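Student: One predicted model, sequence on top.
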Amino acid sequence: MGRFVARRLLQMIPVFFGTTALIFYMVHALPGDPVAAMWGDKAPDPVQLAALRHQLGFDKPLVQQYLDYMGKLLTGDFGTGLDGRPVIDKITEALPVTIRLALFAFAIEIVLGVGIGLFAGLRRGKLFDKGALVFTLLLISIPVPVLGFIFQTVFGNNLKWVTPTVQDSNDITQLVLPAVVLGSLSLAYVARLTRTSIAENIKADYVRTAVAKGLPRRKVIGTHLLRNSMIPVVTFLGTDLGALMGGAIVTEGIFNVKGVGNALFHAINLKEGATVSGFVAFLVLVYLAAGLIVDLLYAVLDPRIRYA
Amino acid sequence: MRGGSQAKWVVAAVAVALAATACSSSSDSSSGGSSDGAVNAQGIYSYQSAEPQNPLQPANAMENQGGRIVKQLFTGLVDYDPATGALRNQVADKIETTDSKTFTVTLKSGWTFHDGTPVTSSSFVKSWNWSANPANNQINSDWFSDIVGYDAVHPDKGDPTAKEMSGLKVIDDTHFTIELTSPVSYFTYKLGYSAFFPLPEGFFADPKGYGEKPVGNGPYKFESWEHNKAITLKAYDKYSGTNKAKNGGIVFRNYTSPEAAYKDLMSDTLDVLDQVDSTDLPKYKDDLGKRAVDQPQGAIQNISFALYNADWSGQDKAKVRQGLSMAIDRDTITKTVLNGTRQPADSFVAPGVMGYKAGTCGDACKYNPEKAKQLITEGGGVPGGKITILYNSDGGHKEWVDAVCNSIRQATGVECLGDPKPDFKTSRDIIRKKTVSSMMRTGWVQDYPLNANFLRDVYGTGASANDAGYSSKEFDDLSHQADAATSLEKTADLYQQSEAVLAKDMPAIPLWYYKTSSGYSNKVQNVKFNSFGDPVFTDVEVKK
Amino acid sequence: MPDLTDKKTAGEIPAQRTETGAAPKQEKARSLGSDAWHDLRRKPIFVISALLILLLIVIAIAPGLFTSVDPRAGDLRLHYLTKPNYSHFFEADWFGYDLQGRSIYARVVYGARASVVVGITVTLGVTILGGITGMLAGYFGGWIDTIISRVTDIFFGIPLLLGALVILNAFTSRTIWSVVFALVALGWTQMTRVMRGSVITVKQADFVTAAKALGAGTTRILWKHILPNAIAPVIVVATIALGGYIATEATLSFLGIGLHHARRRGARRPRPEAPLREEVTTPMTTVIENDQKSDRLDVGTPLLEVKDLHVEFHTRDGIAKAVNGVNYSVAAGETLAVLGESGSGKSVTAQTIMGILDMPPGKVTQGEILYRGQDMLKMSNEDRRKIRGRKIAMIFQDALSALNPVLSVGYQLGEMFRVHQGASKAEAKAKAIELMDRVRIPAAKQRVNDYPHQFSGGMRQRIMIAMALSLQPDLIIADEPTTALDVTVQAQVMDLLAELQAEYNMGLILITHDLGVVADVADKIAVMYAGRIVETAPVHDLYANPAHPYTKGLLRSIPRLDQKGQDLYAIKGLPPNLLKVPAGCAFNPRCDVATDLCRTEIPALHHVTDKDGKELTGRRSACHLWKETLHG
């Protein structure tokens, strides 16, 4: 196990460099000159343009820019954006918001998704199951923007339970609506995955054994059924947590949440290479860590899996 | 999500809060300036904004978000009366010139920066010299190019040979002179632009720090900047200008999307909207009733031709260009696709600008399918038998570009297609490099409310915004004469003559003028917008 | 997988399904072939979904069939002049006109077309690209795997928006194909991962090893052996992803960088919903209605009595009567062997006694199950639960699947004490070790925390036995306890079982299809065929002198040393297709001595007498010709 983890951690290094290099190149390949764009519709003053480009290091060859960037990155300097603000500031601003939102959505996914999936799987073919199928189908079919606007209008403008948008991204109570919207699609998937998994496993021999042992229903489900059924769900949840951490451009936009998705979106639009690379470098680490944790969690959930 | 800032980026440079000279009086009533509630003079209200893209330094305020905040923090020598639109003195007591070349500025005394230091002649001169220096990375550093000695501070090549422009001379604390390289009759108009704001002494020691926590001399002082969240300004008690704030302060609240802001306005969570998003445009007047704002703006939307392509040059093609202009049913498109948020254009200059003359475009801007077909045929048809209109798809232009193409296709049978580019930056890159094949969307927002700004800066040979690559000796000569005129009125008149040349050559098709479509919450009143599309921040009253 | 399914006797179910995951199920669905198709066609939801998907495909191929209106052409005035006319089916103004004056209906049609084309082509591209790379990574492993896996990691880190912008920008004009290209380029790694995982599992399978041993080339192995078996999860993911790609394309449009086709929020992804995969159960048994009077197998005081038990399964194809009036009893210390082929109802009876029959589809329609004189069928769930495990325990056939793979054996053993006796964790563990010692598992103390898969088959079965014995129940039901084991281990396990039974004086119901196993341990035997008991007898009597042709056939098919060199006898034919149980005696088509009577009348369970007409104790036979069989 230790060797497995060490090897995986070691393999993160080329992935990290590969991703940042690719991102760096991709941002560079984006059309448009971000510095010239500061002048809007006007032709930029060539002298000032050259001065700014020089100051930002854009006049160097791309490889040189990347090496400079990585050199600084390894010393913990994430560089600065076009607006002169350190990228690390932007990350530390956006990341806690996204982590909060992601965990909130994630909690909703797990609690509701697994809950609905469990009951639907246990009552397969019954009314609750059919209701759950229709409900999740709705969630899957309604595009996120539509769901967001409906929630805003109903809960924000009509019922006035909450403000339609998030006033303070750091206030977790305000993140309820966006978290529900963000989590809804995955909630549907989790519910369906759980349902299928439960419905399959409930017929497994070991569940029958557990019943034959005279275990109370609660124990049969909790100890024997649920744990086995969670294995495929955990895979999904693992990748989903990674994806949630990457920020949600659409949901954040609708609810005015100042998270990673929003920051990344702006940075890509402004072609801020350092900012995009900084965020992605960070996110890659999060993804890789999430992947590793899922793999380790597998081994915990299913002892048949062993890593060498 | 970028739409909010991007759509309004159109030209970006925006001056001090001012209203157009000929601003129609009806707009005031429609903007709902009624005062029916008790007012809390210390009340703070919120305004829809986005994260400024540059530090808050006067000559760096190119785009809207930072620009409008800088304009509240600083007051220049002059500004424009939001009610009459007339140029009025603020810090300047008077600005005198005899030849439109040398200007003598006299300052009022008693003006102070928010840190308590006095505003003096050198506050201006030092500010301008600093801003003009390319080493200081100010986007608007070339706004000082009229001044003698600019080329030493800001040379085309090599390092600067001087740090100060020789054309700026401080006489004493309240007097200084400005010498220009050639006469510019409307230079005083330019002085209202934010690049010409003064800076306090402390700024030069720490420009970066002051960019984060600006200290100005305007009606509001800086309170806090929570990045990506809000910028808060408080009314400045000791403000010496005429436009003292009638409220306690402003929160510029950061929104990721205009739709989100609109939702908040609907629930009175946000007080004043920047611009209604396109989704809500069809219904915003019903939603807001008296609180809806619909006012003209000093901005125009055009479609320019890639005249640098040989296909489009030549006298015959002017007929084709006029024909295409006549094939566009502006009335219907503005009413339907644009929900009445634009006003059909009949000239190259937006109304409400000094020197605006209705109908200068003449028949060429009137919908006439038969004549359109005839002119295009006479001109030998469109190059390649097909036209495309390049535009950026992140600015909400798609709908009307499609409609314009439809209109042209129906009226003349000419195949017309939109050519969307993913974002503003990309489309600008293509336009700037002059590699557009057929036609392109262009727009112009006034820097200052004078017709010269819509003409010389857009259609003059080699002008910074001459995207069409238009070059006409006739137009250039008339412009030069206008610049050298001795009075503003003469300048404006002469520019009207140069505008007539445009109608003949049709380097661009004027489509329509922008309007401000906005609104405000139940908590505020007396919200008026100027011709730049910004509210008159100081006049907004917060209800008790 | 294959070795597990082999052990199961295929038709015996429905309570016994294949044990895990989707894969075996799909195999089943595939093997059913036209039957499955036939079933599906009868499900209205399937028909509706299929028609909708078909409609979408037709729209994609030929939108012109649905509207003659150009979705791009519009007259601006139309939006204001005309109102939607919802009765104008398939006409331009069906849904009205948008602000541009274009027909919304035409735009929906053409928009749906774009969605379908994007969805299908992207899915195809992603599946092919990801499938190939995943196969290479999974099959070859090593550095190929490392490189491919790390590349997929890198792709996972690219924000969709950035990737899409960069790729779309490489195209001079934005067409549907550039969007397809972008989505494939950004999405293929997902499929690589799925395929890789699947191939890794498959390549360890026996048939791959076999193919290699037979000298098949790499290409052939990949193409013929790996691909068909590894593709299933990829297809599942692909069907779900298809909708996802359409949604992604819509997201790109929402962000202003997608295709600029007609707005088509209406087009929904087709849902691949469950009906295709599940509930393809075949009807098990159809048995002729019959009421059978018979006496009990009385030896000592009955511990458990099954009286006239009837069990049915309600399937879509009708009611399958799996158990039809079964009677038997077992006393303390006694061993009853229940003998029968697959589908004879022996396991269903056992499951009904345990109360672990799936209900539905199973249903007890008649009868009693008396435990110490109390009818368990009338007890509350809680009371029944308290009997299960504590008073009546069960040993299952396949210990590997019957033990929970993710819990240690110690936990699973200890659970009995914790649940039924409220023991602490430590006590439970100590008792688990004790039990493991008792069933002679070596190094019990060290192995108590091991998991089922870490034990050999025989050891696992011992653990099952230990679990059943843990609370020293009155009765143990062992359902084919040794079938999954090899012969030497079988004997050890049976000996252990017999020894423990004697020690604790437990009743034992031994369910088996193997007469050889029974001889040494059972006191009496009940032979079942098609849901009813056809013969009962004390074990030695039955071996010596069967009274039913079926039993006779069974006995003859046991290999014997004295028959060396002869062909082994086998009962001709197959167990009855439970959909079409023969009229009369269910065994008649396979019976050498069947008469016309056998083909029309169901035989009663006759008392059996010796040649002198003296009743033989405990002996019954449901054969019209029992006399001829017994004495003939």
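Tutor: Structure received. Residues are numbered from 1 along each chain as shown, chains lettered A, B, ... in the order given.
Student: Spell out whether stretch B:125-134 and chain A are in contact.
Tutor: Yes. Counting by CB under 8 Å from any CB of the partner chain, contacts between stretch B:125-134 and chain A involve B:Pro134. The C-beta positions use only the backbone N, C-alpha and C, and glycine is treated the same way.
Student: what's that stretch in contact with?
Tutor: With contacts defined as CB atoms under 8 Å, 6 or more residues apart in numbering or on different chains, stretch B:125-134 is touched by A:47-48, A:50-51, B:57-59, B:136, B:138, B:140-141, B:143-144, B:147, B:150, B:153-154, B:160, B:163-165, B:168-170, B:176, B:195-199, B:201, B:203-204, B:207.
Student: With stretch A:147-165 instead?
Tutor: Contact with stretch A:147-165 is made by A:139, A:142, A:174, A:176-178, A:180-181, A:184, A:250-251, A:254-256, B:255, B:259-261, B:263-264, B:266-267, B:269, as judged by CB under 8 Å, 6+ apart.
Student: The stretch 201-350 of chain B: strands as residue ranges?
Tutor: Using DSSP state E, counting those that start in this stretch, the strands of the stretch 201-350 of chain B run over B:220-226, B:230-235, B:249-254, B:292-305, B:342-344.
Student: Most proximal residue of chain C with respect to chain A?
Tutor: As assessed by CB to the nearest CB, chain A sits closest to C:Gly389 within chain C, at 3.1 Å.
Student: Excluding sequence neighbours, find me the nearest residue to that residue.
Tutor: A:Gly214 (3.1 Å; CB to CB, 6 or more residues apart in numbering or on different chains).
Student: Which secondary structure state does that neighbour sit in?
Tutor: Using DSSP: H, G, I helix; E, B strand; the rest coil, the structure places A:Gly214 in coil.
Student: give me phi/psi at it?
Tutor: The phi and psi torsions at A:Gly214 (degrees, to the nearest 10) take the values phi 80, psi 20.
Student: Out of the strands of the stretch 201-350 of chain B, the one nearest C:Gly345 is which?
Tutor: strand B:249-254 (73.0 Å; CB to CB).
Student: is that closest one up against chain A anywhere?
Tutor: Yes. Using CB under 8 Å from any CB, strand B:249-254 reaches chain A at B:Asn254.
Student: ok, that strand: who's next to it in the sheet?
Tutor: Sheet partners assigned to strand B:249-254 using DSSP bridges are listed as strand B:44-49 (parallel), strand B:230-235 (antiparallel).
Student: Could you give the number of residues near residue 153?
Tutor: Assuming you mean chain A. Residues lying near A:Thr153 (other CB atoms under 10 Å in any protein chain shown) number 15.
Student: could you do chain C instead?
Tutor: Close neighbours of C:Asp153, defined as other CB under 10 Å, add up to 22.
Student: Identify the residues contacting it.
Tutor: A:Val15, A:Thr19, A:Val284, A:Tyr287, A:Leu288, A:Gly291.
Student: Can I get the buried ones among those as something I can paste into PyMOL?
Tutor: Listed next is the PyMOL selection for buried residues among the contacts of C:Asp153, using 16 or more other CB atoms under 10 Å in any protein chain shown:
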select buried, chain A and resi 15+19+284+287+288+291
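Student: Report pLDDT for whichever residue of chain A sits closest to chain C.
Tutor: Proximity of chain A to chain C (CB to the nearest CB) peaks at A:Gly214, 3.1 Å away. At A:Gly214, the model reports a pLDDT of 83.
Student: and what of C:Ala402?
Tutor: Confidence score, pLDDT, at C:Ala402: 84.
Student: do C:Met494 as well
Tutor: 82.
Student: Provide a list of residue ranges in the stretch 401-544 of chain B with pLDDT below threshold.
Tutor: Filtered on pLDDT under 70, the stretch 401-544 of chain B yields no residues whatsoever.
Student: and it, which of its residues are near chain A?
Tutor: Going by CB under 8 Å from any CB, the residues of the stretch 401-544 of chain B near chain A are B:421-426, B:428-430, B:432, B:442-444, B:457, B:464-465, B:467.
Student: swap the cut-off to 6 Å and go again
Tutor: Applying CB under 6 Å from any CB of the partner chain, one finds that the stretch 401-544 of chain B approaches chain A through B:Asp423, B:Lys425, B:Thr426, B:Asp429, B:Ser464, B:Ala465.
Student: Which residue does the stretch 301-450 of chain B have closest to chain A?
Tutor: For the stretch 301-450 of chain B, CB to the nearest CB, closest residue to chain A: B:Lys425, 3.2 Å.
Student: still on that earlier bit, Produce a PyMOL select command limited to the buried residues of the residues of the stretch 401-544 of chain B next to chain A.
Tutor: This is how PyMOL selects the buried members of these, with burial counted by 16+ other CB under 10 Å:
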select buried, chain B and resi 423+425+426+429+465
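Student: for C:Gly507, what are its contacts?
Tutor: Going by CB atoms under 6 Å, 6 or more residues apart in numbering or on different chains, C:Gly507 touches C:Leu303, C:Val330, C:Ala332, C:Glu334, C:Leu475.
Student: Can you give me the distance of B:Trp400 to B:Asn406?
Tutor: Per CB to CB, to the nearest Å, B:Trp400 is found 10 Å from B:Asn406.
Student: Near A:Pro61, how many other residues are there?
Tutor: Counted with other CB under 10 Å, A:Pro61 comes out at 8.
Student: so how far is chain B from it?
Tutor: Computed with CB to the nearest CB, to the nearest Å, the distance linking A:Pro61 and chain B is 20 Å.
Student: rewinding a little: does the residue of chain C closest to chain A touch A:Leu215 like I think?
Tutor: No. Taking CB atoms under 6 Å as the definition, C:Gly389 is not a contact partner of A:Leu215, at 7.4 Å.
Student: quick one: low-confidence ranges for the chain?
Tutor: Since you didn't name a chain, this refers to chain A. A:1, A:305-308.
Student: Can you look at chain B instead?
Tutor: B:1-37, B:83-85.
Student: hmm, back to that, for the contacts of C:Gly507, which one is nearest C:Val208?
Tutor: Distances from C:Val208 to the contacts of C:Gly507, taken by CB to CB, are shortest for C:Leu475, at 44.9 Å.
Student: what does the stretch 1-150 of chain A put close to chain B?
Tutor: Taking CB under 6 Å from any CB as the measure of proximity, the stretch 1-150 of chain A contacts chain B at A:31-33, A:37-38, A:40-43, A:45, A:47-48, A:51-52, A:83-84, A:93.
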